[in-house]
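A.B. asks: Could you look at this predicted model? Sequence included:
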Amino acid sequence: MRRGLARWVEGRTIASVEVLHARAVRRHIAGAADLAARLRGQTFGTAARRGKYLWLPLREDAGQRGLEGEAVVLHLGMSGQLLVQPATRDDEKHVRVRITFADGGRELRFVDQRTFGGMALETLDADGVPESVAHIAFDPFDDRFDVSDFARRLRARRTGLKRALLDQTLVSGIGNIYADEALWGARLHYARATEGITAAEADRVIEHARAVMAAALAQGGTSFDSLYVNVNGESGWFERSLEVYGRAGEPCRRCGSLVRRESFMNRSSYFCPICQRHPRHPRW
DNA sequence: CGGAGCTCCTGGGGGC
DNA sequence: TGCCCCCAGGAGCTCC
């Protein structure tokens, strides 16, 4: 998504911002009208990302002074999409925010069925990070991600391994699917107590998380280029590549035993009961 | 403070 | 067909 924004909206100047659903901009405390007024005439800089958070800094334009040190922060939540569409194209059912550009080209649409995601205009700190992203850990693709630091902080926790993997302040970018896939790859049960995770195990689960996310990116990362058609996250990659997620009752591709689904944290966890042995002292 | 449960939404799909 | 229930790739908030 970040690459798509870099290609399609970087350097373009905003003509108008239309908020069609106030909830989509609820994190912008000053409100929808303020967001629209302050963005008009601003130019997008280079898209940046940390974990699942994405932001577009505003930059100086040739003709006009920019809102230096501010950025449009985006989070897609569970059902958000960013689409670049010709203005003549019919609206998707759940368009929440529309941004048009002074060049008259394609518009940017924030589409979100469940409105768990949203966007806001925020100030950047000295490191160029938006305030709402400052508490988010580096993701495993970031050069600054330090796996030994992750292992140390993981072991200081008193909780279950999967819960920790989903905690974006420990490591970011890992969601429910990637957590299950990484745990399967590392042969670790989701209820392993964090304090008992060895450095080698922490390293293993991060390496598998990185691998599965890289594979997903390779297959789904081009979706932004086909924005002319409605993009959904469920392109090919789902059916072909998942080892355990959504495969309850199907054989584990490593050992053949049946993948199990358990309810946990009000969501589903999928795992192989043989490859991922149940811990003696589980933590949930 | 760290940890855990609740909650915000809309819609698809299955069972009856 | 209609209704009800469960499920869905997230994370901030509030309680303990």
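C.D. replies: Yes, it's here. Residues are numbered from 1 along each chain as shown, chains lettered A, B, ... in the order given.
A.B. asks: residues near residue A:87, how many?
C.D. replies: Per other C-beta atoms under 10 Å, the neighbour tally for residue A:87 reads 12. Bear in mind the C-beta positions are built from the backbone N, C-alpha and C, glycine included.
A.B. asks: Once you drop chain neighbours, what's closest to the closest residue to DNA strand B within the stretch 1-150 of chain A?
C.D. replies: For the stretch 1-150 of chain A and DNA strand B, the shortest gap (C-beta to the nearest atom of the strand) falls at residue A:114, measuring 3.2 Å. For residue A:114, ignoring the flanking residues on the chain, the nearest one in space by C-beta to C-beta, 6 or more residues apart in numbering is residue A:79 at 4.5 Å.
A.B. asks: Close to DNA strand B: what parts of the stretch 1-150 of chain A are there?
C.D. replies: A:23, A:93-94, A:113-116 (C-beta under 7 Å from any atom of the strand).
A.B. asks: Quick one: residues contacting the residue nearest the centre of chain A.
C.D. replies: Among the residues of chain A, the one closest to the centroid is residue A:52, at 2.4 Å (C-alpha atoms, centre = their mean). By C-beta atoms under 8 Å, 6 or more residues apart in numbering, the residues touching residue A:52 are A:75-76, A:168, A:172-173, A:175.
A.B. asks: returning to what we had before: burial measure for the residue nearest to residue A:114, as a count.
C.D. replies: 15.
A.B. asks: Could I get the average pLDDT for stretch A:18-28?
C.D. replies: Stretch A:18-28 carries an average pLDDT of 97.
A.B. asks: Just confirm yes or no for that stretch near DNA strand C.
C.D. replies: No - using C-beta under 7 Å from any atom of the strand, stretch A:18-28 never reaches DNA strand C; the gap is at least 7.6 Å.
A.B. asks: For that stretch, give me every contacting residue.
C.D. replies: Contacts of stretch A:18-28 (C-beta under 8 Å, 6+ apart): A:31-32, A:34-36, A:73, A:95-100, A:110, A:112, A:115, A:117-121, A:132.
A.B. asks: so after the helix or strand bottoming out on mean pLDDT in chain A, what's the next helix or strand?
C.D. replies: Lowest mean confidence among the helices and strands of chain A (mean pLDDT, DSSP states H and E): helix A:237-241, at a mean of 63. Downstream of helix A:237-241, the next assigned helix or strand under DSSP states H and E is strand A:260-264.
A.B. asks: Just list the residues touching the residue of the stretch 151-284 of chain A found nearest DNA strand B, thanks.
C.D. replies: Nearest residue of the stretch 151-284 of chain A to DNA strand B, counting by C-beta to the nearest atom of the strand: residue A:159, 3.3 Å away. Residue A:159 makes contacts with A:193-194, A:283, as judged by C-beta under 8 Å, 6+ apart.
A.B. asks: Return the members of those residues classed as buried.
C.D. replies: A:193-194, A:283 (16 or more other C-beta atoms under 10 Å).
A.B. asks: so can I have TSV of those showing distance to DNA strand C?
C.D. replies: Shown next, in TSV, are these (distance: C-beta to the nearest atom of the strand, whole Å):
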residue	distance to DNA strand C
A:193	19
A:194	18
A:283	16
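A.B. asks: Check those against residue A:16 and report the nearest one.
C.D. replies: Comparing the buried ones among the contacts of residue A:159 against residue A:16 with C-beta to C-beta places residue A:194 closest, at 48.0 Å.
A.B. asks: Just give me the neighbour total for the residue nearest to the closest one when sequence neighbours are not counted.
C.D. replies: With sequence-adjacent residues excluded and distances taken as C-beta to C-beta, 6+ apart, residue A:194 is closest to residue A:157, at 4.2 Å. For residue A:157, the neighbour count with other C-beta under 10 Å is 17.
A.B. asks: cool, residue A:104 as well?
C.D. replies: 9.
A.B. asks: Look at it and tell me its secondary structure.
C.D. replies: Using DSSP: H, G, I helix; E, B strand; the rest coil, the secondary structure recorded for residue A:104 is coil.
A.B. asks: Look at it and report its pLDDT.
C.D. replies: Note for residue A:104: predicted pLDDT of 97.
A.B. asks: what's the first-to-last distance across stretch A:273-280?
C.D. replies: End-to-end distance of stretch A:273-280 (C-alpha to C-alpha, to the nearest Å): 14 Å.
A.B. asks: Name the residues of it that are buried.
C.D. replies: Buried residues in stretch A:273-280 (16+ other C-beta under 10 Å): A:275-276, A:279.
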